[in-house]
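**Student:** Here is my input, please return the structure:
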Amino acid sequence: MFQQKNGLPRGGFTFKQFFVAHDRCAMKVGTDSIALGAWAPIANTTRILDIGTGSGLLALMLAQRTAPDVLIDAVELEPDAVSQAQQNILASPWASRIHIHRADILSWTHQQTQRYQLIVSNPPYYPSGPACGNKARTIARSTATLEHSQLLASAAQLITEDGIFCVILPESCGEVFISIAEKEGWHCRYRTDIAESETRLPHRILLGLSPSPGECFAERLLLRGADNQYSEAWCALTQDFYLFM
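**Tutor:** The predicted structure is shown next:
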């Protein structure tokens, strides 16, 4: 593996406890997945499912955060991403706890009897699938191959009665997603609106949905403070992962 001048490996992202290669993945390591992986509630969790794992980032973050007996299944359709996720998992400290499945989540769901206390997904969200230079990236960003109603239906079949299904979405389509979810029997239990700064409107929503009703804990998270440095809240959320925190 080639090395950068600072000694860190190229072609991916180095975290405190693991490295994620993403050069063969349509979607690269980004703030959205890092926010979701650090934010998703893990209390009383023994089994986790990552839908559309890509490079395996969310599975790795959740493995770091959870107890040694927690098992994680990660489902991915694209063969290059599956290969890279397997590479990343095998190079991590949690290879025995994370299992990668190459499959379409819609067909994979019907074959399962296992239920999960936590399901996470950084899902596609563009309804029309705007074209990118990379065909695989276009597919990963578009709901053409996995509509939100289908994603919610799969999660509903796989989650425990008191489990939590967590996603991150652009603010522009988050409310529509909530509306679809509520019509299908989901209840919003956690919501964090993410804004770049105090003067900017939120651009992302972290959602935690459950089949069981209950109080919804809502908050706002700023990525940067008045000095344009990372905010205390963002640092507190991600300090176990970023090298510079």
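**Student:** Look up which helix or strand S154 falls in, please.
**Tutor:** Assigned by DSSP states H and E, S154 belongs to helix 148-158.
**Student:** nope, L206 is what I meant
**Tutor:** Going by DSSP H and E, L206 is in strand 204-210.
**Student:** Does anything pack onto that strand? Which helices or strands?
**Tutor:** helix 31-39, strand 159-170, helix 171-183, strand 187-195 (3 or more CB pairs under 8 Å, 6 or more residues apart in numbering; DSSP states H and E). For the C-beta atoms, the positions are set from N, CA and C on the backbone; glycine is no exception.
**Student:** hang on, the earlier thing: figure out how far the helix holding S154 is from the centre of its chain.
**Tutor:** Relative to its parent chain, helix 148-158 has a centroid offset of 15 Å by CA atoms, centre = their mean, to the nearest Å.
**Student:** That helix vs helix 171-183, what angle?
**Tutor:** Helix 148-158 runs at 50 degrees relative to helix 171-183, counting by axes from the mean of the first three to the mean of the last three CA atoms, to 10 degrees.
**Student:** elements contacting helix 148-158?
**Tutor:** Helix 148-158 sits against strand 47-51, helix 105-110, strand 116-121, helix 171-183, with contacts defined as 3+ CB pairs under 8 Å, 6+ apart.
**Student:** Let me have those in TSV, extended by distance to P93 and mean neighbour count.
**Tutor:** Shown next, in TSV, are the helices and strands packed on helix 148-158 (distance: least, CB to CB, whole Å; neighbours: other CB atoms under 10 Å):
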stretch	distance to P93	mean neighbour count
strand 47-51	16	26
helix 105-110	26	15
strand 116-121	20	25
helix 171-183	34	15
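**Student:** could those go into TSV alongside mean pLDDT and distance to T160?
**Tutor:** Listed next are the helices and strands packed on helix 148-158 as TSV, based on pLDDT from 0 to 100; distance: least, CB to CB, whole Å:
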stretch	mean pLDDT	distance to T160
strand 47-51	98	9
helix 105-110	96	15
strand 116-121	98	5
helix 171-183	94	17
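**Student:** With distance to F244 as extra columns, can I get the ones you listed in a markdown table?
**Tutor:** Shown next, in a markdown table, are those (distance: least, CB to CB, whole Å):
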| stretch | distance to F244 |
| --- | --- |
| strand 47-51 | 25 |
| helix 105-110 | 34 |
| strand 116-121 | 25 |
| helix 171-183 | 27 |
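**Student:** need the contact list for the closest residue to G12 other than its chain neighbours.
**Tutor:** Once flanking residues are discounted, G12 sits nearest to A21: 3.9 Å by CB to CB, 6 or more residues apart in numbering. Shown in contact with A21 (CB atoms under 8 Å, 6 or more residues apart in numbering): P9, G11, G12, S55, Q84, Q87, N88.
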